[in-house]
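K.L.:
For reference, the sequence and a predicted model appear below.
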Amino acid sequence: MPSFAPEKPVLTQRIPTFPWADPKARKVVSYDEYARTGGYAGLRKAISMAPEALVEAVKDSQLRGRGGAGFPTGLKWTFLPKYDGGQRYLAVNADESEPGTFKDRLLMDFDPHLVLEGIAIACYACRLQTAYFYIRGEYHHQARVMENAIREAYDKGVFGGNGLLGGAVTAAGEPWKVDCHLHRGAGAYICGEETALLESLEGKRGWPRNKPPFPAIKGLWGKPTIINNVETMAHLPSIVEHGAEWFKKQGVQSTIGGPPSHGTKLMGVSGHVNRPGVYECELGIPLRQLVDEYCGGMRNGKRYKGAIAGGISTGILGPDQFDAEMDFDIGRKYNVLGLGTACPTVFDEDTDMVGVARNIARFFKHESCGQCTPCREGSQWLFKLLTRIEEGDARTKDLDLTLEIATSMGAMPGTTICGLADGNNWAVRTIMNKYWDEFESRVKPTYIPVTMSVGAGVR
Amino acid sequence: MAWIAKPSSTMRVDRRSEPYLTEAMRSELTSKILPRYATKQGALLPALHMVQHEHGWIPAQAMEEIGAFLGLSAAEVLDCASFYEEYWLKPKGRHVVAVCRSIACEFCGHKQITDAVREKLGIEIGETTDDGKWTLIELECLGSCGTAPVALVDETLHENITAEQVRRLIDETRDGSHHH
Ligand SMILES: Cc1cc2nc3c(=O)[nH]c(=O)nc-3n(C[C@H](O)[C@H](O)[C@H](O)COP(=O)(O)O)c2cc1C
Ligand code: SF4
Ligand code: FES
């Protein structure tokens, strides 16, 4: 077994995946097959428990959100106001548009009921009556698979009419009924940002909202709303079934005094490796082992040069950071924004890092929603400058200007509404800093020594 | 791209007597879609998808009709529709090749795919062939980076695509067929 492989796959237990099974054998798991292979046992156990006990169990597991920020899921759930019988919502984030990221798709492609079971558990635990599955517009096939699975789940009584699995009841003895609807996005990266996602669900442009108020207090149509990633949902059935202690046996403790990184994680590796793809490993696996033991090493025998940590927003792991551990400490230890989606894009020695920075700057320029001046204008400038550097038309002082613009934009410097600009900031800044020589060799010196002859030579 | 100013002040509205939002669409919206949302506006994205699926793009008259149906002004519909890249507010070809240009695809050779299409069809990115059959665009990450380079042809994703394959795909696509 390769390092950091869980004893048995958790999220991919029904999706044939290396090293346990051959990915060629993958097919959509139907409701019947899912139920026959132990599916919906987590939900069945969940509805025999009090909702509060479930929230406690998820809190105890220290599960951290798989959508990018790593926020503790149980803690997020406790931000909901006390249940007063009013409408409240779950929005499942299936927007998956962060370049380099293709892991939620695996679950939607092949094991949709794992996600739906997680959704039902979350709705019961948090007392949410309606779940929206917000899926990016380009996922045509995945939308069809999920639609079918949702229909099956209604037919089998997981959702709708008679209450979850026909069994759950409210405090008043009424059936606890949950609805689940799929909502297709329409090609806008920003709609993965949680409040933009809510705006988009309401039928508006995907403009992120100012926070506070946070969505748990005032979310969709002003009602309390929980937003969680697809993979986060997929972890819930096994946590409920096997308990928090089981979950905490996987993954690693923080080595820098931070919160731990428990559980397995879907890691989608792309770029210059022999076997790119999605692998399920325990958090904490060093990138080198992920590449060597799961992906069959670097392609064409080339040397590793760098890797986007987990989606372009996180920035880059440099040439000397191949051993970086893929866990939630990675940001502080290796000067990247964070683990992000844990989907690294790996580059070999022939890669032009100026081109990498330009590609990323172009993405953010294209996807900025335009509300905040530093993001809208800054992203344009970064792209122009990096294009100029790439084409050899820039001067040394342009490097400083590029860094200055990048550093000034984002919710962390406090100049923008949302984190899109922070992603741009971190990506451009870390690539420039970690490959400075490459950038410097592409620009002309700012002060060009000139020889001048004065007097007789002047005509 | 989402923040480019909308052309509402200068937009000419071509009209036809037959509505774009058909009776069938209205009844599906009423019976299936509207009950899912707390407000009528919630059904706006699904309604736009519906019209585009049927007509290939979303004419201004269709936006007016959707607005009237959902109790929104035409401007509110345009405000939303113009934000999303997937909605075509101008006609496109009967088929669309969309090559991914984001990080994994660019560094695994997306340019050869785009160039193959450009040369094969004699059009640049963003253009449509004279016979109205093909439009070529590039999109950002399509969520399939492990099989880069990838291209979406209509609604079907082609993974690990080669220049040879994309040329063949173009040859083999007949009008009336739709890539699902
Ligand atoms: C610009 C931007 C794009 C984002 N895109 C996604 C996305 O595609 N999918 C996702 O799950 N989270 C995305 N997020 C994070 C969400 O805002 C949110 O934190 C997450 O969905 C919460 O789920 P989790 O706690 O289960 O991780 C994005 C955030 C930002 C700032
Ligand atoms: S930071 Fe950028 S994407 Fe986010 S709200 Fe501001 S302009 Fe929009
Ligand atoms: S970069 Fe092309 S699919 Fe992700």
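P.N.:
Yes, it's here. Numbers count the residues shown, from 1 in each chain, chains lettered A, B, ... in the order given. Ligands and ions are numbered 1, 2, ... in the order given.

K.L.:
what's the closest non-adjacent residue to residue A:110?
P.N.:
Spatial nearest neighbour of residue A:110, excluding adjacent residues (CB to CB, 6 or more residues apart in numbering or on different chains): residue A:15 at 4.5 Å. Every C-beta, even on glycine, is put in place using the N, C-alpha and C of the backbone.

K.L.:
Check residue A:260 too.
P.N.:
Distances taken as CB to CB, 6+ apart put residue A:253 closest to residue A:260, at 4.9 Å, once the chain neighbours are dropped.

K.L.:
show me what contacts the closest residue to ligand 1 within chain B?
P.N.:
Using CB to the nearest ligand atom, residue B:143 is the residue of chain B that sits closest to ligand 1, at 9.1 Å. Shown in contact with residue B:143 (CB atoms under 8 Å, 6 or more residues apart in numbering or on different chains): A:96-97, A:101-102, A:104-105, A:136, A:138-139.

K.L.:
just the helices in the stretch 1-150 of chain A please.
P.N.:
A:31-36, A:41-46, A:51-61, A:73-78, A:104-110, A:112-126, A:140-155 (DSSP state H, counting those that start in this stretch).

K.L.:
Contacts for the second one next, please.
P.N.:
Applying CB under 8 Å, 6+ apart, the external contacts of helix A:41-46 come out as A:54, A:117, A:120-121, A:124-125, A:158, A:164-165, A:167, A:236-241.

K.L.:
And stretch A:53-61, by the same measure?
P.N.:
Stretch A:53-61 has contacts (CB under 8 Å, 6+ apart) with A:46, A:49, A:72-75, A:77-78, A:121, A:124-126, A:236, A:239-240, A:243-244, A:247-248, A:262-263.

K.L.:
and it, how far out from the chain's middle?
P.N.:
Relative to its chain's centre, stretch A:53-61 lies at 22 Å (CA atoms, centre = their mean, to the nearest Å).

K.L.:
hey, C-alpha coordinates of that stretch in CSV?
P.N.:
Output of stretch A:53-61 as CSV, limited to C-alpha atoms (Å, rounded to 0.1, in the frame of the first residue of the first chain):
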residue,chain,number,x,y,z
ALA,A,53,-26.3,15.1,19.2
LEU,A,54,-25.5,14.9,15.5
VAL,A,55,-24.1,18.5,15.5
GLU,A,56,-22.0,17.5,18.5
ALA,A,57,-20.7,14.4,16.7
VAL,A,58,-19.7,16.4,13.7
LYS,A,59,-18.1,19.0,16.0
ASP,A,60,-16.2,16.2,17.8
SER,A,61,-14.9,14.8,14.6
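
K.L.:
Sort out which residues of that stretch are buried, please.
P.N.:
A:54-59, A:61 (16 or more other CB atoms under 10 Å in any protein chain shown).

K.L.:
what about the helix or strand hosting residue A:375 and ligand 2, any contact?
P.N.:
Using DSSP states H and E, residue A:375 sits in helix A:373-390. Yes. With CB under 6 Å from any ligand atom as the criterion, ligand 2 is reached by helix A:373-390 at A:375-376.

K.L.:
now stretch A:310-320
P.N.:
No. Using CB under 6 Å from any ligand atom, stretch A:310-320 stays clear of ligand 2, with a minimum separation of 11.4 Å.

K.L.:
now, which of the buried residues of stretch A:53-61 sits nearest residue A:215?
P.N.:
Nearest to residue A:215 among the buried residues of stretch A:53-61 is residue A:55, at 16.9 Å by CB to CB.

K.L.:
What is the lowest-pLDDT residue among the contacts of helix A:41-46?
P.N.:
Checking pLDDT across those, the minimum falls on residue A:167 at 65.

K.L.:
now the helices for chain B?
P.N.:
With helices called from DSSP state H, chain B shows them at B:23-28, B:44-55, B:60-70, B:74-81, B:103-106, B:110-121, B:163-172.

K.L.:
need the contact list for residue B:159.
P.N.:
Counting by CB under 8 Å, 6+ apart, residue B:159 has contacts B:144, B:147, B:150.

K.L.:
Neighbour-wise, give me the winner out of these.
P.N.:
The most crowded member of those, judged by other CB atoms under 10 Å in any protein chain shown, is residue B:150 (27 neighbours).

K.L.:
Touching, that residue and residue B:162? I think so.
P.N.:
No. Here residue B:150 lies out of contact with residue B:162, judged by CB atoms under 8 Å, at a distance of 11.4 Å.

K.L.:
Now the closest residue to ligand 1 within the stretch 301-450 of chain A: closest residue in space, sequence neighbours ignored.
P.N.:
Relative to ligand 1, the nearest point of the stretch 301-450 of chain A is residue A:419 (3.3 Å; CB to the nearest ligand atom). Nearest non-adjacent residue to residue A:419, counting by CB to CB, 6+ apart: residue A:411, 5.2 Å away.
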